[in-house]
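> Sequence first, predicted coordinates after that:
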Amino acid sequence: MDNLSYWEHRAFLDEADVVIVGGGLVGLTAALYTRQLQPTARVLVLERDPLPNGASTKNAGFACFGSISELMEQEERGGTAALLGVVRARWEGLGRLRALLSDEVISYRPEGGYELFRPEDEALAATCQARIGYYNHLLAPVIGRADIFREATGQIPALGLAGVRTMLENTAEGSLDTGRLMQALLRKAWAAGVTVLHGCPVQRLEPTAGAVRVHLAGPMLEAGQVLLATNAFSRELVPALDVVPGRGQVLVTEPIPGLRLPGTFHYDKGYYYFRQVGQRVLLGGGRNLDFAAEATTAPGLTPRVQQQLERLLHDVILPGRRPRIDYRWSGVMAFGSALEPIIREVQPNLFVAVRCNGMGVALGAGSGWQAAELMSEG
């Protein structure tokens, strides 16, 4: 970045009206919506890595808004009104994302989701079963249907799962292809006249009179508005934000002939999750084994989590089988003390759209829209 030509400065960096720091799901949707709301604005997206190094290209592709046990926990934590607000944001965010890119392009499949309960979860399972009617009634005005959750225990034998006593279905859940989603957003951003640069780490943001200075490794640029959309990494630039990182580790098996796991699956209160991708099993989670160790933005895999993921794969998902593991990676989510994302102006002309609390696929496009709308009002 310290050897840029006149042409590079003029064509890519100079005279941006809006700079968005972070080229993930929130950042790119915010850029697209900014172009809609401010058609003459010159919008520049800066991503520090070759690909977004948080969760946007590393998530499991769950198009979900919460299983019953998760909803119960969130309602207890924030209250019914807060739960309804965040479920509405998740559901509307998914709808916005699907409308922006199309179901075909992102391989969206409304195949349903399932929450699994072990024998030792019998009390929790009974409580969740008793709450099916309550959450169907509560969420019907948001989701637009009254049969959201239902009993599905009778389907367990057909899935070949072991060590699962109870299963509940979320009929409104779906899945999508994370890679195709991000490819489509990048193509759409460039086509809309948004400049997206990778390998551009931002070192410091400096609000000044009427603008914000963006300090890169070499050059410095200035923009009338800056949006920070780096989620778990946001405290590196705005330390006061209520954001705590949470690393999620994931693995994907070799192709397994005859595999049939339609839908998305939540296990152990959603701390583990798996689905079929192609003929492979994608399985992730395990941060609850050591919250402190996984509260990091550092990429990496730990033996404890990986071993537990493999035990779950071998004992529950594919009992008695030992498929080869072809891919392993980690992504980083962001959590905080409140359920809703942080979308606000934190200093003059400096905005943030961060903290999706593990629901970035659902909340991302809605957060991008809200941030773009907020900046357009300024």
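Okay, I see it.

> Can you get me a residue count around the closest residue to residue 115 other than its chain neighbours?
Using C-beta to C-beta, 6 or more residues apart in numbering and skipping residues adjacent in sequence, the residue nearest residue 115 is residue 67, 4.1 Å away. Every C-beta, even on glycine, is put in place using the N, C-alpha and C of the backbone. The number of residues packed around residue 67, counting by other C-beta atoms under 10 Å, is 27.

> Same check on residue 269?
Applying other C-beta under 10 Å, we find 16 residues neighbouring residue 269.

> Give me the distance between it and residue 78.
Using C-beta to C-beta, to the nearest Å, residue 269 is found at 16 Å from residue 78.

> what do you get for residue 242?
In this structure, residue 242 and residue 78 are separated by 14 Å, where distance is defined by C-beta to C-beta.

> Settle it for me: which of these two has more neighbours?
Regarding residue 242 and residue 78, a neighbour count based on other C-beta under 10 Å identifies residue 78 as having more, with 17 against 13.

> Just the element for the closest residue to the more buried one other than its chain neighbours, please.
Nearest residue to residue 78, sequence neighbours excluded (C-beta to C-beta, 6+ apart): residue 339, at 4.8 Å. Element membership for residue 339, per DSSP states H and E: none, as it lies in no helix or strand.

> Would you mind listing the residues in contact with residue 339?
When contacts are counted by C-beta atoms under 8 Å, 6 or more residues apart in numbering, residue 339 touches 74, 77-78, 82-83, 85-86, 357.

> With pLDDT as extra columns, can I get those in TSV?
Listed next are these as TSV, based on pLDDT from 0 to 100:
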residue	pLDDT
74	95
77	93
78	94
82	95
83	96
85	96
86	96
357	93
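
> can you give me the helices in the stretch 251-378 of the chain?
For the stretch 251-378 of the chain, helices defined by DSSP state H, counting those that start in this stretch occupy the ranges 291-294, 303-312, 360-377.

> Which positions in the second one come out as buried?
For helix 303-312, a neighbour-count test (16 or more other C-beta atoms under 10 Å) marks 305, 308-310, 312 as buried.

> okay if I get these as JSON lines plus distance to residue 195 and pLDDT?
Listed next are these as JSON lines, based on distance: C-beta to C-beta, whole Å; pLDDT from 0 to 100:
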{"residue": "305", "distance to residue 195": "38", "pLDDT": "98"}
{"residue": "308", "distance to residue 195": "43", "pLDDT": "98"}
{"residue": "309", "distance to residue 195": "39", "pLDDT": "98"}
{"residue": "310", "distance to residue 195": "43", "pLDDT": "98"}
{"residue": "312", "distance to residue 195": "43", "pLDDT": "98"}
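
> re earlier: now the residue nearest to residue 78, what are its backbone angles?
Reported as degrees, to the nearest 10, the phi and psi values for residue 339 are phi -70, psi -30.

> Residue 66 versus that one, what's the distance?
Separation of residue 339 from residue 66 (C-beta to C-beta): 10 Å.

> Just give me the neighbour total for residue 370.
For residue 370, which is what you asked about, the neighbour count (other C-beta under 10 Å) is 20.

> Now it. Nearest residue, chain neighbours left out?
The shortest distance from residue 370 to any residue other than its chain neighbours is 4.8 Å, reached at residue 343 (C-beta to C-beta, 6+ apart).

> dump the residue contacts of the one you found.
Taking C-beta under 8 Å, 6+ apart, we find residue 343 in contact with 351-353, 367, 370-371, 374.

> Out of these, which comes closest to residue 228?
Residue 228 lies nearest to residue 352 out of those, by C-beta to C-beta, at 4.6 Å.

> Could I get the pLDDT score of the residue nearest to residue 370?
Residue 343 is assigned 98 on the pLDDT scale.

> For it, list each beta-bridge partner.
residue 353 (DSSP bridges).

> picking up where we left off before, overlap of the contact sets of residue 242 and residue 78?
Residues touching both residue 242 and residue 78 comprise residue 338, with contact defined as C-beta under 8 Å, 6+ apart.

> residues shared between the contacts of residue 339 and residue 66?
Listed as contacting both residue 339 and residue 66 by C-beta under 8 Å, 6+ apart are residue 74.

> quick one on the thing from earlier: do you know how far the residue nearest to residue 370 is from residue 136?
Where residue 136 is concerned, residue 343 sits at a distance of 29 Å (C-beta to C-beta).

> now swap in residue 160 and tell me
Residue 160 sits 28 Å away from residue 136 when distances are taken as C-beta to C-beta.

> in the stretch 51-200 of the chain, which spans are strands?
62-63, 113-117, 149-151, 166-170, 174-175, 195-198 (DSSP state E, counting those that start in this stretch).
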